[in-house]
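# requesting a structural model of the entry that follows:
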Amino acid sequence: MDVIIRTKTLLIIYLLTVFYALSYGIPLYATSSYLSHYINSGSISLIFMLGSVATLIFAIHFTAYLHRYHTYRFISLVLITEILSMFAFAFSSNIIIISIFFVIHLCLSAIIYSILSIFLEMMTPHTEMGIARGLFSMIIGICLIVSPLIGSVLITFTGYRTMFIVSALILLPFIFLLKKYFANMKEPTYRGLNTFKITRVAWRNKNLRGIMVGIFLVNVFYSIMIIYLPLYLTDIGVSLSSYLSFIVPISLIPFILLPYEIGFLADKKWGEKEMLIFGLIVLSIATLSMAIITSTSIFVWIVVLLIARIGAVFVDTMTATYFYKKIKAEDASLVMISSSIIPALSMVIVGFLGTILFPILSTHPGVIFILLGTMSLLGVSYILPIKDTR
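Next up, the predicted model:
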């Protein structure tokens, strides 16, 4: 009976993941272009950075919030606020209001992802974590392929407003399922460790330090893909509709085909270390090549981003698998480190670099890809010392 209940709950968690990823993904790659109607790319970087700072501040107190409120009540409040944020995007033309709610949106998206990760950790034996995280990543990958297509169609035929409204409405089934299946969930006994303290402890562990570096690097990649690549491609002559309709969906195919398979291999055969190193090397080569590509050919950009995403999916899936094999659902602070704090920190750093390097990036935008490629290659040195799980 326990196995049946656990399986049913996992299916509900994966369904919640679908609604979250669709809502998050529909405006994801179009937001920076939308903001560019009001402000320049340097200011866009600053807004992303402020959103990430807010996420960091919120994440530091995350465990305290879970202690104070039931997880169900807490995430329900987060979801309602996220819906209101999307409606603010849809109906406001004031850049100050848009910026405030965008900062809130960035913060809340990270919180929702973190709580889904806690749910998944609660219901998954560590011996099956690679498969579970692989499936989790695969579902998100599928949704992130479908969602830009939806976003592109909505922008083309109805405009940005409808896109944000649809993104908000998709979260309503999430709230319904959450109330039906998790309103009376048994709370984990969250460990109330200070976030800064537990971060220092984790960093002193060579295994967790290497994984944290891997998580940081792949999130730097994601941040650059979200903030700068749409602007860069638009500047060189690739239309936003081509980017959202063709380049993004095809280049995200590795997130459908690979996560479950490599998660299975990590659980049953190889472990995570070798595949993580492979992913960083592929990611480095692909991003360095972006610095010298000026072609407007959709095919060229599909190929290079497809290769980059292959590297990213190896790094993403293997870091998550290794990390969650080492922790428990009660370790909410550690969950926040991997799912919110490090991603937010990467966004802050990318946004900060974009702001201070704006004069350089405005004439030599390829510099940002050189920095990422070099960092990814250097990251291998942090992965080599870790002890594999097999």
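# in the helix or strand hosting residue 164, which residues are buried?
In this assignment (DSSP states H and E), residue 164 forms part of helix 160-169. By neighbour count with 16 or more other C-beta atoms under 10 Å, helix 160-169 contains the buried residues 160, 161, 163, 164, 165, 166, 167, 168. All C-beta atoms are positioned from the backbone trio N, CA, C, and that covers glycine.
# which of those residues lies closest to residue 206?
Residue 206 lies nearest to residue 167 out of the buried residues of helix 160-169, by C-beta to C-beta, at 40.8 Å.
# how close does the residue nearest to the closest one when sequence neighbours are not counted get to residue 218?
In this structure, residue 167 finds its nearest non-sequential neighbour in residue 26, 4.6 Å apart by C-beta to C-beta, 6 or more residues apart in numbering. As for residue 26, its distance to residue 218 is 22 Å (criterion: C-beta to C-beta, to the nearest Å).
# with residue 115 instead?
Distance from residue 115 to residue 218, by C-beta to C-beta: 21 Å.
# likewise for residue 114?
Counting by C-beta to C-beta, the separation of residue 114 from residue 218 is 16 Å.
# give me the more crowded residue out of these two.
More neighbours surround residue 218 than the other of residue 114 and residue 218, with 29 against 25 (other C-beta atoms under 10 Å).
# in this structure the more buried one contacts residue 314, no?
No: using C-beta atoms under 8 Å, residue 218 makes no contact with residue 314, being 9.2 Å away.
# dump the C-alpha coordinates for whichever helix or strand residue 54 is part of into CSV.
Take DSSP H and E as the rule and residue 54 turns out to sit in helix 41-60. Extracted in CSV, the C-alpha atoms of helix 41-60 (Å, rounded to 0.1, in the frame of the first residue of the first chain):
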residue,chain,number,x,y,z
SER,A,41,20.0,45.8,-21.9
GLY,A,42,22.1,47.3,-19.1
SER,A,43,19.0,48.1,-17.1
ILE,A,44,17.5,44.7,-17.9
SER,A,45,20.6,43.1,-16.4
LEU,A,46,20.1,45.3,-13.3
ILE,A,47,16.4,44.2,-12.9
PHE,A,48,17.4,40.5,-13.2
MET,A,49,20.1,41.1,-10.6
LEU,A,50,17.7,42.8,-8.2
GLY,A,51,15.3,39.8,-8.7
SER,A,52,18.1,37.4,-7.8
VAL,A,53,19.1,39.5,-4.8
ALA,A,54,15.5,39.3,-3.6
THR,A,55,15.6,35.5,-4.1
LEU,A,56,18.8,35.2,-2.1
ILE,A,57,17.3,37.2,0.8
PHE,A,58,14.1,35.2,0.7
ALA,A,59,16.0,31.9,0.5
ILE,A,60,18.0,32.7,3.6
